[in-house]
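need a 3D model of the following:
(chains A and B)
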Amino acid sequence: DAKTTQPPSMDCAEGRAANLPCNHSTISGNEYVYWYRQIHSQGPQYIIHGLKNNETNEMASLIITEDRKSSTLILPHATLRDTAVYYCIVSQLSGSARQLTFGSGTQLTVLP
Amino acid sequence: DTGVSQNPRHKITKRGQNVTFRCDPISEHNRLYWYRQTLGQGPEFLTYFQNEAQLEKSRLLSDRFSAERPKGSFSTLEIQRTEQGDSAMYLCASSLGGLTAISPLHFGNGTRLTVT
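As a prediction, the model looks like this:
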């Protein structure tokens, strides 16, 4: 699986958009970008994933650059409950078993 | 609640003792994963089951560790002769996998092991 690079920490004001960047310059054509988050003392929670098109769901939007070498997770209106470690993971989505390889993630702190 | 359930939530044991953790995945999920997470680090893959078959094991899974999923439903992770370095959060995840796609992993809230 391709390696990802994320800033170790970010702050965001409550109610504002949180934009979390991720670099994955060695991504291959069949690898997806996944985002998970982990709130303190809980297991990781799936947020969103995409291949090359931008994706949106009830939690967030995922913007993937045209060359697929980087992506941005957008939380449109951050709340205090969005404070968590956010993990960007690149992995194949296939019939064979593909475990997710987590890095250290970005600690997002939403400030009141 | 139909999410992934792990028991116990916390376990304190003395070095050298054996411990066993249980994971109940989401009922229709055929794939089950075990991860370990130490403080300040992301989760690390340990092993994976498809139904009752253990298909992949990480090098992190020493011979003191054994995982089973006897009927393709719940799973157990046993650590024999625990060491202080085994202290960590043990996370279980499940997913629904087919021939061409795998659903995202759904994680439980983990079992925190402290070896004294």
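
use CA for all of it now, contacts and neighbours both
Noted.

do a quick rundown of the strands in the chain.
Defaulting to chain A. For chain A, the strands defined by DSSP state E occupy A:9-13, A:18-23, A:31-38, A:45-50, A:55-56, A:61-64, A:70-75, A:84-92, A:106-111.

please go with chain B instead
Using DSSP E, strands in chain B cover B:5-7, B:10-13, B:19-24, B:31-37, B:44-50, B:53-57, B:65-68, B:75-79, B:88-95, B:106-107, B:111-115.

quickly note the distance from the residue nearest to A:Thr79 when sequence neighbours are not counted to A:Leu75.
Nearest non-adjacent residue to A:Thr79, counting by Cα to Cα, 6 or more residues apart in numbering or on different chains: A:Glu14, 5.2 Å away. In this view, A:Glu14 and A:Leu75 are 11 Å apart by Cα to Cα, to the nearest Å.

follow-up on the earlier one: to chain A, which of the strands of chain B lies closest?
Evaluated with Cα to the nearest Cα, those place strand B:106-107 nearest to chain A, the distance being 5.5 Å.

how distant is the closest one from the center of its chain?
Relative to its parent chain, strand B:106-107 has a centroid offset of 11 Å by Cα atoms, centre = their mean, to the nearest Å.

equivalent analysis for stretch B:49-64, please.
10 Å.

which ones are touching A:Asp82?
When contacts are counted by Cα atoms under 8 Å, 6 or more residues apart in numbering or on different chains, A:Asp82 touches A:Ile39, A:Leu108, A:Thr109, A:Val110.
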